[in-house]
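Peer 1: The amino acid sequence is not available; the structure is as follows:
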C-alpha cells in the first residue's frame, strides 16, 4: 500500500506576475489616451483676466473618464487572470489590482497631457472673444459642487471593476485550484479505493457484512 499522493508542483515565476502587472499599467495609459481622444471638450469665450482655474470642471468629461476606468479595470482583470495563471489567487489578485491604481494615475496624466496638445491648455495666450476648448483637470481637489472631492477620487474606479470581474472569474472556475493545477490529491492507492471509486456494491458490502 502506497502513501498519500500529493498534487504536482506548479512553477510560479515572479517574472510572469510582474509582466502581467506591467501590461495592466500600460493599459491604464492607453485608457487615458482614449479618454483624451474621444471626450468632447468644455468650450467658452475668452474674457479679460480668464485663467484655467476660472473654468468650471466639466463633469461630463469626468464621468467619461470614470466609465473608461471601469472598462479598463474589467479588461485588466481578464488580462491578469489569463496572463498570470500560475498566480491565480490572493497574490495574483492584489498585485495587478495595485497595478490598476498606478495605471489609473498614469492614465489621468497621459490623458491630460494629450488633451493639452489637442485643445487650449494655455488660456492666457488666447485672444479676447475667441472660443477656448479645454478638458478638465482629473485630479479633483474640491471640484464638486456638493462638497470636498479628494484628488484620488477617480483612482478607485478601475480597482473596483477589477475586483468584480476577478471575482466572477474565480466563481466561474470549474476546479477548486482555479485552473492552476496544483490541487493536492489526498487519497491512498491500492486495495483501499478512494471515495470517488467506491461503488454501490462496495458500500453495501461494508454496511452489511
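Peer 2: In hand now; what should we look at? What you see is a predicted model; the values in this text were computed from it and never measured.

Peer 1: any chance you could map the strands in this protein?
Peer 2: Ranges of strands in the chain, per DSSP state E, are 42-45, 131-134.

Peer 1: for the chain, what's the longest helix?
Peer 2: Longest helix of the chain, by residue count under DSSP state H: helix 90-118.

Peer 1: what packs against that one?
Peer 2: helix 14-38, helix 59-83, helix 157-172 (3 or more Cβ pairs under 8 Å, 6 or more residues apart in numbering; DSSP states H and E). Backbone N, C-alpha and C define where each C-beta goes, glycine included.

Peer 1: Starting from residue 85, give me the distance back to the residue nearest to the spatial centre of the chain.
Peer 2: Nearest to the mean C-alpha position of the chain, by Cα atoms, centre = their mean, lies residue 73 at 2.8 Å. As defined by Cβ to Cβ, to the nearest Å, residue 73 lies at a distance of 19 Å from residue 85.

Peer 1: Residue 178 too?
Peer 2: With the distance defined as Cβ to Cβ, residue 178 ends up 8 Å from residue 85.

Peer 1: before we move on, what about residue 44?
Peer 2: Taken as Cβ to Cβ, the span from residue 44 to residue 85 is 51 Å.

Peer 1: My read is that residue 28 contacts residue 109, right?
Peer 2: No: between residue 28 and residue 109 no contact is recorded; they are 9.8 Å apart, counting by Cβ atoms under 8 Å.
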